[in-house]
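In: Below is the structure, and that's it, no one-letter string:
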């Protein structure tokens, strides 16, 4: 990757049951580009992925503010995505990034949180195929592509798409705020 996001703080919002590679691969991409990743979760301690990757929580949602970050990443995983969207604090935290026009990356089942935050209407997105009806019903224009960028919103389908997702995620973070990234 050629983009430099030196010093930019990136929140990774998730809970247990995340798709391991959808945390570790973008985390590595952000780090290699000079960014500062921070794991934000509903509870303190650590989170465990569906394949056993564990990682310490840096900040709880209750203590986190979008004001302190330059971008947000929402890894997928069915269990993670289904549980995190039920956390009102997580929904509000994610929505704040759109209100502040900051880049957001979302992959796989992660868009469930964005549907709950009511920020997908009129946006072109992709996701794991089983979410296409949910996204369409929430007003998104769902397409089946490895990576889709819509005014700072980066979305991908599965871990197979991570190389393209990571490249676009870092690019959008480097560009900074996007006026079209709004609710």
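Out: Great, that's in hand. Keep in mind that what you see is a predicted model, and the values were worked out from it rather than measured. Numbering: from 1, shown residues only.
In: Any regions of this structure where pLDDT drops low?
Out: Where the chain drops to pLDDT under 70, the residues are 1-2.
In: just so I have it, where are all the strands in it?
Out: 9-13, 36-41, 46-48, 54-56, 59-60, 71-74, 104-107, 124-125, 141-142, 147-150, 153-156 (DSSP state E).
In: Let me have those in TSV, adding mean neighbour count and distance to residue 173 as columns.
Out: To be clear about C-beta, it is placed using only N, CA and C from the backbone, and glycine gets the same treatment. Below are these laid out as TSV (neighbours: other C-beta atoms under 10 Å; distance: least, C-beta to C-beta, whole Å):
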stretch	mean neighbour count	distance to residue 173
strand 9-13	25	7
strand 36-41	20	11
strand 46-48	17	22
strand 54-56	13	20
strand 59-60	16	18
strand 71-74	28	5
strand 104-107	30	8
strand 124-125	21	18
strand 141-142	19	23
strand 147-150	19	12
strand 153-156	29	9
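In: Can you give me every residue that contacts residue 149?
Out: 168, 172 (C-beta atoms under 8 Å, 6 or more residues apart in numbering).
In: now swap in residue 117 and tell me
Out: Contacts of residue 117 (C-beta under 8 Å, 6+ apart): 91-92, 94-95, 98.
In: let's see 10 Å
Out: By C-beta atoms under 10 Å, 6 or more residues apart in numbering, the residues touching residue 117 are 85, 90-99, 104, 111, 138, 183.
In: Please name whichever of the strands of the chain is nearest to residue 116.
Out: For residue 116, the closest of the strands of the chain is strand 71-74, at 11.3 Å, according to C-beta to C-beta.
In: Give me the sheet partners of the closest one and which way each runs.
Out: Taking DSSP bridges as the criterion, strand 71-74 pairs within the sheet with strand 9-13 (parallel), strand 104-107 (parallel).
In: Columns distance to residue 153 on top of those, output as JSON lines?
Out: Listed next are these as JSON lines, based on distance: least, C-beta to C-beta, whole Å:
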{"stretch": "strand 9-13", "distance to residue 153": "15"}
{"stretch": "strand 104-107", "distance to residue 153": "5"}
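In: Which one, of these, ends up nearest to residue 55?
Out: Using C-beta to C-beta, the strands paired with strand 71-74 put strand 9-13 closest to residue 55, at 8.9 Å.
In: angle of that closest one against strand 36-41?
Out: 30 degrees (axes from the mean of the first three to the mean of the last three C-alpha atoms, to 10 degrees).
In: Show me how far strand 9-13 is from its chain's centre.
Out: 8 Å (C-alpha atoms, centre = their mean, to the nearest Å).
In: This completes my enquiry, with thanks.
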